[in-house]
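Chemist: Everything below, folded, please.
(chains A and B)
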There are 2 protein chains.
Amino acid sequence: MWQLHQFALCPFSRKVRLLLGEKGVGYELKRESPWERRDEFLDMNPAGQVPVMTDEPRKILLMDSMAICEYLEETVDKAAMINGTATNRAEIRRLVSWFDTHFFQDVTAPLLHERMVKRLVTKESPDSKALREAMKGAVRHLDYTDYLLGHHNWIAGTTMSLADLAAAAQISVTDYLGGIDWKNHEETARWYAGMKSRPSFRPLLSERMEGISPPAHYDDVNF
Amino acid sequence: MWQLHQFALCPFSRKVRLLLGEKGVGYELKRESPWERRDEFLDMNPAGQVPVMTDEPRKILLMDSMAICEYLEETVDKAAMINGTATNRAEIRRLVSWFDTHFFQDVTAPLLHERMVKRLVTKESPDSKALREAMKGAVRHLDYTDYLLGHHNWIAGTTMSLADLAAAAQISVTDYLGGIDWKNHEETARWYAGMKSRPSFRPLLSERMEGISPPAHYDDVNF
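Modeler: Below you'll find the model as predicted:
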């Protein structure tokens, strides 16, 4: 059986978990806190990042969330998530990279730093200017998802794809950390309510990071 | 015909150009300086980054260097560069991401900032501490490529792959900017001499960025 090394609020691990859920692949969760930089973990992944996926009996070791997603797409027939023509597939991959890179850098990473790392690791207070910037970034990014979803029902086109899972992964961590104001983002809220209702999403919404509580609407499908 | 929007020292555009060269795909270069943030360019790519690849008669617009590489891999039969079993392919993609993310952040990005952006855009002097850190990062990363190349002849295994092109793209920009000390990195130097000899590499090595000269060994195959 697969083992997924991750922590509850890692958006890249969430993307992989959503894909595993949609494809119906079973796995066991292994908690890893990459900021502790454990030697055994660094020996496994020199980049020091989660997710890492292992299957010890089969001696398979996968890392880098996009490499893992492409691997699952190539090896599991069910629920294709990088699909369509070559240009459709390029658009899906462009948008996965957009959420993994730009949404993460502008929004998720600063919120995780201010509201998780400072609370659990360095015991500092969050910086209110950094929080304000991240929340302004979230508004800008949700304006973009509104725009994308105004053109078709899903982030990258007419069917659900890995771009939806990547976007929902970043948005769910941001929402957990109180970084999203759902007012004025009706297109994205409608789409996200649908994502939250999926069986692949339920296990993520019920998890908690110790010492950090999400807002009351976080796991409510009718938020 | 394809048009590739890029600037001479962009490592991600170099990776795409090496792949286009290996696959024998013709293209026209279009100079774009993303730091100018031209409105027409941002309309084309909201991420504001090169490379962007367009084919106007066919109305194709591709962006994000990995999405472009996967597109070329899917649509051009010649010279497969993400090949082998699913685990081989995952290892290739992991290493492409390693060079695109970690080598770039630790080495190429600070060197481009200190030695290109400051000279051409902000007219400041480079910060010697930042340069020292980037060059220490280059030594650490070349220790890793030495390690990888000590296990097999190519970065990700027994055949040339996109991981070799991604690594060579980052290393060539770093070398142009005087960031690499080739002493004590014999495995990587041997491999890089082979990469430099490839027809796909020659057009890159003959290009110059205005106002910035590379060291004498830069385009010498027997450096």
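
Chemist: List the contacts of the closest residue to A:Glu70 other than its chain neighbours.
Modeler: Counting by CB to CB, 6 or more residues apart in numbering or on different chains, B:Arg93 is the residue found nearest to A:Glu70 once chain neighbours are left out, at 5.8 Å. C-beta here means a position set from N, CA and C on the backbone, and glycine is covered the same way. With contact set as CB atoms under 8 Å, 6 or more residues apart in numbering or on different chains, B:Arg93 has these partners: A:64, A:66-67, A:70, B:82, B:162.

Chemist: Can you pull the domain assignment for chain A?
Modeler: A:2-75, A:86-206 (automatic domain parsing).

Chemist: wait, doesn't A:Gly24 sit right on A:Lys78?
Modeler: Yes. Contact criterion CB atoms under 8 Å: A:Gly24 and A:Lys78 qualify, at 5.8 Å.

Chemist: Which stretches in chain A count as strands?
Modeler: Along chain A, the segments classed as strands by DSSP state E run A:2-6, A:27-31, A:52-55, A:60-63.

Chemist: Make TSV from those strands and add distance to chain B to it.
Modeler: As requested, those are exported to TSV (distance: least, CB to the nearest CB, whole Å):
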stretch	distance to chain B
strand A:2-6	13
strand A:27-31	16
strand A:52-55	9
strand A:60-63	5
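
Chemist: Of all these, which one is nearest A:Thr87?
Modeler: Evaluated with CB to CB, the strands of chain A place strand A:60-63 nearest to A:Thr87, the distance being 27.4 Å.

Chemist: what residues does the closest one touch?
Modeler: Outside strand A:60-63, the residues within contact range by CB under 8 Å, 6+ apart are A:44-45, A:47, A:49, A:51-54, A:68, A:71, B:87, B:90, B:94.

Chemist: Would you mark the buried spots in that strand?
Modeler: A:61-63 (16 or more other CB atoms under 10 Å in any protein chain shown).

Chemist: what lines up beside it in the sheet?
Modeler: Paired neighbours of strand A:60-63 in the sheet (DSSP bridges): strand A:52-55 (antiparallel).

Chemist: Any buried residues in the partner strand, and which?
Modeler: Along strand A:52-55, these residues count as buried under the neighbour rule (16+ other CB under 10 Å): A:52-54.

Chemist: What of stretch A:19-27?
Modeler: The neighbour-count check on stretch A:19-27 (16+ other CB under 10 Å) flags A:19-23, A:27 as buried.

Chemist: Let's have the strands of chain A in TSV, adding distance to A:Glu124.
Modeler: Shown next, in TSV, are the strands of chain A (distance: least, CB to CB, whole Å):
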stretch	distance to A:Glu124
strand A:2-6	25
strand A:27-31	23
strand A:52-55	28
strand A:60-63	30
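
Chemist: Mean pLDDT added to these, as TSV?
Modeler: Listed next are these as TSV, based on pLDDT from 0 to 100:
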stretch	mean pLDDT
strand A:2-6	98
strand A:27-31	98
strand A:52-55	98
strand A:60-63	98
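
Chemist: Give me the phi and psi for A:Asn184.
Modeler: Dihedral pair for A:Asn184: phi 70, psi 10, per degrees, to the nearest 10.

Chemist: A:Met160: what's it in contact with?
Modeler: A:Met160 makes contact with A:81, A:154 under the criterion CB under 8 Å, 6+ apart.

Chemist: Pretty sure A:Met135 sits against A:Asp181.
Modeler: Yes. Counting by CB under 8 Å, A:Asp181 is a contact partner of A:Met135 at 7.3 Å.

Chemist: between these two, who's got more neighbours?
Modeler: A:Met135 (18 against 11; other CB atoms under 10 Å in any protein chain shown).

Chemist: Would you quantify the distance from the nearest residue to that one once chain neighbours are set aside to A:Gln6?
Modeler: The shortest distance from A:Met135 to any non-neighbouring residue, by CB to CB, 6+ apart, is to A:Gly179 (5.5 Å). A:Gly179 is 20 Å from A:Gln6, where distance means CB to CB, to the nearest Å.

Chemist: Can you tell me which residues in chain A are near chain B?
Modeler: A:46-47, A:60, A:62-64, A:66-68, A:70-71, A:74-75, A:86-87, A:89-91, A:93-94, A:97-98, A:101-102, A:144 (CB under 8 Å from any CB of the partner chain).

Chemist: which among those end up buried?
Modeler: Neighbour-count burial (16+ other CB under 10 Å) applied to the residues of chain A next to chain B gives A:62-64, A:66-68, A:70-71, A:89-91, A:93-94, A:97-98, A:102, A:144.

Chemist: check contacts around the spatially most central residue of chain A.
Modeler: In chain A, the centroid-proximal residue (CA atoms, centre = their mean) is A:Ala169; its distance is 2.5 Å. The neighbours of A:Ala169, taking CB under 8 Å, 6+ apart as the test, are A:11-12, A:14-15, A:18, A:99.

Chemist: With A:Gly26 instead?
Modeler: Contacts of A:Gly26 (CB under 8 Å, 6+ apart): A:1-2.

Chemist: 10 Å - rerun?
Modeler: A:1-2, A:20 (CB atoms under 10 Å, 6 or more residues apart in numbering or on different chains).

Chemist: Likewise for A:Leu205?
Modeler: Counting by CB under 10 Å, 6+ apart, A:Leu205 makes contact with A:172, A:175-176, A:196, A:214, A:218-221.

Chemist: Tabulate those residues in a markdown table, adding columns for pLDDT and neighbour count.
Modeler: Converted to a markdown table, those look like this (pLDDT from 0 to 100; neighbours: other CB atoms under 10 Å in any protein chain shown):
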| residue | pLDDT | neighbour count |
| --- | --- | --- |
| A:Ser172 | 98 | 25 |
| A:Asp175 | 98 | 22 |
| A:Tyr176 | 98 | 26 |
| A:Lys196 | 97 | 20 |
| A:Pro214 | 97 | 18 |
| A:Tyr218 | 97 | 17 |
| A:Asp219 | 93 | 19 |
| A:Asp220 | 92 | 11 |
| A:Val221 | 87 | 15 |
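
Chemist: Just those residues: which are in helices?
Modeler: Residues of the contacts of A:Leu205 located in helices (DSSP state H): A:172, A:175-176, A:196.

Chemist: Excluding covalently adjacent residues, which one is nearest to A:Phe201?
Modeler: A:Met195 is the one closest to A:Phe201 (CB to CB, 6+ apart), at 5.9 Å.

Chemist: ranges for the helices of chain A?
Modeler: Going by DSSP H, chain A shows helices at A:11-23, A:39-44, A:65-75, A:86-97, A:109-112, A:128-151, A:162-176, A:186-196, A:202-206.
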